[in-house]
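> Mind looking at a prediction? Sequence and model below.
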Amino acid sequence: MKCILFCQNNYSFGILEPIKNYLLAKNHDYIWYINEKILPDFPFKNENHTSLITNLENYKADAIFVPGNEVPHYLHGLKVQVFHGLAGEKKGHFRIRHYFDLYLTQGPYFTKKFIDFKNKYQDFDVIETGWPKLDVYGTDLHLYDDEKKQLLANFNAKKILLYAPTFSPKLTSAPFLVDELKALVKNPDYLVLLKFHPLMDKNWLDIYKNLADETPNIIFETEKNIIKFLLMADLMISDTSSVIYEFLLLNKPAITFKNISENIVWENSFDYAQLIPLVEKNLSEDTFAKNRKDIFEQYHPYNDGKSAERMVEAVKNYIAKNGVPKKRKISLFRRMKMHSLFGKPSKN
């Protein structure tokens, strides 16, 4: 099977890496598509990759794995949506754009909604597989334990707190927590790691970089894959970011500010000034521990580390049964959008 790993944003690397590893183990052929703007961040430059859509046209893939929202409709191959997060409340998560032939869902909460859309539109299929980015939870849960122990020792701290806000201007807590985080780490037991979305406004990135430079127990992290910091942290601070769900699946406490989810089973506050007492409360009591069961069961009930395997095998079996679609029927608007993003198809 010939596959394209389609990356428009650098968060895609951590999502697609487990799929790449399984493709490699099973001797499938693959090529990475890397948008030119994120090429400097691409961690697998020794592997087959391209930033040219014409190369993908010539490649004639059987399947295209896409964590993002768009993929050129004219490329050959089964177009597979693998998703870039778990936040169903985010605008656009359940928007059907008609680029995809197959949706591989993370858990029952998502599967049910996409099956409803499948029944409505009848031009794609849905298979529940779990999400490959979280395979590490089943295979290497303690991968960074030694690094965490050393980091805490270096700063003479006892707990790692991860601040990972969303980039969305309407939803982000970044403008409101600069002083609160600075006050928080006056307690030397706390070490705060800052991990920002790649699309975060540069002005806020600069402000938080300065905060980290000026404050001993705050570190501005630049590593692209957040999984490392999710595994290391004892508590997360955020807002309406999908990584909240990724963290809760580790059965650890989280605090959000003004989260818009309809299914909040963690500490959510509308008062930024409450950060310090909320951190102290959730570290000492973890009163929401019993409520996290719903997240496990509905959002991602897979802890075997085999979601990437299920994805690849689902695609292989789907193609064996149905073949590779000849083309997608999409509206003129969608067609024009793809042309503006990726160019028109070549005439070869």
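That came through fine. Everything numeric in this text was worked out from a predicted model, so none of it was measured.
> Distance from stretch 267-282 to the middle of the chain?
Offset of stretch 267-282 from its chain centre (Cα atoms, centre = their mean, to the nearest Å): 25 Å.
> Report the buried residues of it.
Using 16 or more other Cβ atoms under 10 Å as the test for burial, stretch 267-282 gives Glu267, Asn268, Leu275, Leu278, Val279, Asn282. The C-beta positions use only the backbone N, C-alpha and C, and glycine is treated the same way.
> Quick one: list the elements packing against whichever strand or helix holds the last one.
The one in question is Asn282. Element membership of Asn282 [criterion: DSSP states H and E] is helix 275-284. For helix 275-284, the elements it packs on are helix 178-184, strand 235-238, strand 254-257, strand 267-269, judged by 3 or more Cβ pairs under 8 Å, 6 or more residues apart in numbering; DSSP states H and E.
> Show me the domain layout of this protein.
Domain segmentation of the chain under automatic domain parsing yields 2-135+305-342, 137-299.
> Is it possible to get a markdown table of the ones you listed that adds mean pLDDT?
Shown next, in a markdown table, are the domains of the chain (pLDDT from 0 to 100):
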| stretch | mean pLDDT |
| --- | --- |
| domain 2-135+305-342 | 93 |
| domain 137-299 | 94 |
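> mind listing what Arg97 touches?
Counting by Cβ atoms under 8 Å, 6 or more residues apart in numbering, Arg97 touches Asn69, Glu70, Arg334.
> Check the gap between the first one and Ala63 for me.
Going back to what we said before, that points to Asn69. Separation of Asn69 from Ala63 (Cβ to Cβ, to the nearest Å) stands at 18 Å.
> got it, and Pro132?
14 Å.
> Of these two, give the one with the bigger neighbour count.
Pro132 (30 against 26; other Cβ atoms under 10 Å).
> Tell me how far the longest helix belonging to the chain lies from the chain's centre.
Criterion DSSP state H: the longest helix present in the chain is helix 307-322. From the chain centre to the centre of helix 307-322 is a distance of 21 Å (Cα atoms, centre = their mean).
> Pull the residues that contact it.
Residues outside helix 307-322 that contact it (Cβ under 8 Å, 6+ apart) are 1, 3, 18-19, 21-23, 26, 28, 62-63, 65, 78, 80, 82, 102, 104, 125, 127, 129-132, 134-135.
> Let's see that with 7 Å instead.
By Cβ atoms under 7 Å, 6 or more residues apart in numbering, the residues outside helix 307-322 that reach it are 1, 18-19, 21-23, 62-63, 78, 80, 82, 102, 104, 127, 129-132, 134-135.
> Now render the helices and strands packed on helix 275-284 as CSV, adding distance to Leu151.
Conversion of those to CSV gives the following (distance: least, Cβ to Cβ, whole Å):
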stretch, distance to Leu151
helix 178-184, 17
strand 235-238, 15
strand 254-257, 20
strand 267-269, 25
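> Please enumerate the helices of the stretch 51-200 of the chain.
Remark: helices assigned in the stretch 51-200 of the chain by DSSP state H, counting those that start in this stretch are 53-59, 108-121, 136-139, 145-155, 178-184.
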